[in-house]
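> Sequence and computational prediction follow.
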Amino acid sequence: ELKVEQNPLFLSMQEGKNYTIYCNYSTTSDRLYWYRQDPGKSLESLFVLLSNGAVKQEGRLMASLDTKARLSTLHITAAVHDLSATYFCAGPHDMRFGAGTRLTVKP
Amino acid sequence: DTEVTQTPKHLVMGMTNKKSLKCEQHMGHRAMYWYKQKAKKPPELMFVYSYEKLSINESVPSRFSPECPNSSLLNLHLHALQPEDSALYLCASSFRDRDYEQYFGPGTRLTVT
């Protein structure tokens, strides 16, 4: 059974700062997904990482996947308030989600 | 059309009621999913349908009964629920089973009284 661990679980950032969210998973997997969830809302797909070394960027967010280290990262550059949300990583097959990182960006 | 729709948005039901949640997509996806999400927790997979056949049942109590009448529709029939079943129920779909990006519906917020 795939286990997915995220850290940190809570992240309070100032606007303009950079930070990284980490997602470790327990078994071999060649793909990983990142989702965003705003309070009271559903999940929005952010990134689909399909192979070792995959890197995808969208605006101030960049995700990468290292299948050998079983690690994915979500890097936030120059955070803005609009990025405040909960971010989940998830593995394929049994769609196991990490616990989520609740990000708050403060002025 | 890149949308997954769910009805109703909110549902309040008593423990003796029978109700159904409905999910629809018209993206040609052949895999559909039900998740349960409690407050401040990640979504938990309940059921997966692949090509209209149930492929995963994550040991969900029988008071939840899924149905996939066709490739665009997914229902979740509810009967004799408990207060602890109150949660956000999310439907999702993907191109094929599990190894593809999922598109989530807005969810049904269920309260069991």
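Arrived safely. Only a predicted model underlies this, so the values are computations on that prediction, with no experimental measurement involved.
> CA atoms for contacts and neighbours, from now on please.
Noted.
> can you give me the strands for the chain?
Just going to use chain A. Applying DSSP state E to chain A gives strands spanning A:4-7, A:10-14, A:19-25, A:32-37, A:43-49, A:55-58, A:61-66, A:71-76, A:85-90, A:101-106.
> Chain B, not that one
B:4-7, B:10-13, B:18-25, B:31-37, B:44-50, B:53-57, B:64-70, B:73-79, B:87-94, B:103-104, B:108-112.
> Need the CA coordinates for the first one. CSV is fine.
Taking C-alpha atoms only, strand B:4-7 is exported to CSV below (Å, rounded to 0.1, in the frame of the first residue of the first chain):
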residue,chain,number,x,y,z
VAL,B,4,-17.7,17.2,-13.3
THR,B,5,-21.1,18.1,-11.8
GLN,B,6,-22.6,16.9,-8.6
THR,B,7,-26.0,17.2,-7.1
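> Could you list every helix and strand in contact with it?
Packing partners of strand B:4-7 (3 or more C-alpha pairs under 8 Å, 6 or more residues apart in numbering or on different chains; DSSP states H and E): strand B:18-25, strand B:87-94.
> any idea how far the last one is from the chain center?
So that's strand B:87-94. Taking C-alpha atoms, centre = their mean, to the nearest Å, one finds the center of strand B:87-94 at 5 Å from the center of the full chain.
> can you tell which of the strands of chain B is closest to A:Glu5?
Among the strands of chain B, the nearest to A:Glu5 by C-alpha to C-alpha is strand B:44-50 (14.6 Å).
> Only alpha carbons, please: show the closest one as PDB.
Presented in PDB, the C-alpha positions along strand B:44-50 are these (Å, rounded to 0.1, in the frame of the first residue of the first chain):
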ATOM      1  CA  GLU B  44     -10.300   9.100   1.200                       C
ATOM      2  CA  LEU B  45     -11.100   6.900  -1.700                       C
ATOM      3  CA  MET B  46     -14.300   4.900  -1.400                       C
ATOM      4  CA  PHE B  47     -15.100   3.400  -4.800                       C
ATOM      5  CA  VAL B  48     -13.600   3.300  -8.300                       C
ATOM      6  CA  TYR B  49     -15.600   2.400 -11.400                       C
ATOM      7  CA  SER B  50     -13.700   1.500 -14.500                       C
END
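> pLDDT weak spots in the chain?
If you meant another chain, say so; for now it's chain A. A:93-94 (pLDDT under 70).
> try chain B instead
B:1-2, B:98-99.
> Recalculate using a threshold of 50.
Along chain B, no part satisfies pLDDT under 50.
> which parts of it sit against chain A?
B:41-45, B:90, B:98-107 (C-alpha under 8 Å from any C-alpha of the partner chain).
> where's B:Leu21 relative to chain A, distance?
16 Å (C-alpha to the nearest C-alpha, to the nearest Å).
> got the contact list for that residue?
For B:Leu21, the contacting residues are B:Gln6, B:Thr7, B:Pro8, B:Asn75, B:Leu76, B:His77, B:Leu78, B:Thr108, by C-alpha atoms under 8 Å, 6 or more residues apart in numbering or on different chains.
> Let me know which of the strands of chain A is tucked in deepest.
strand A:85-90 (a mean of 26; mean count of other C-alpha atoms under 10 Å in any protein chain shown).
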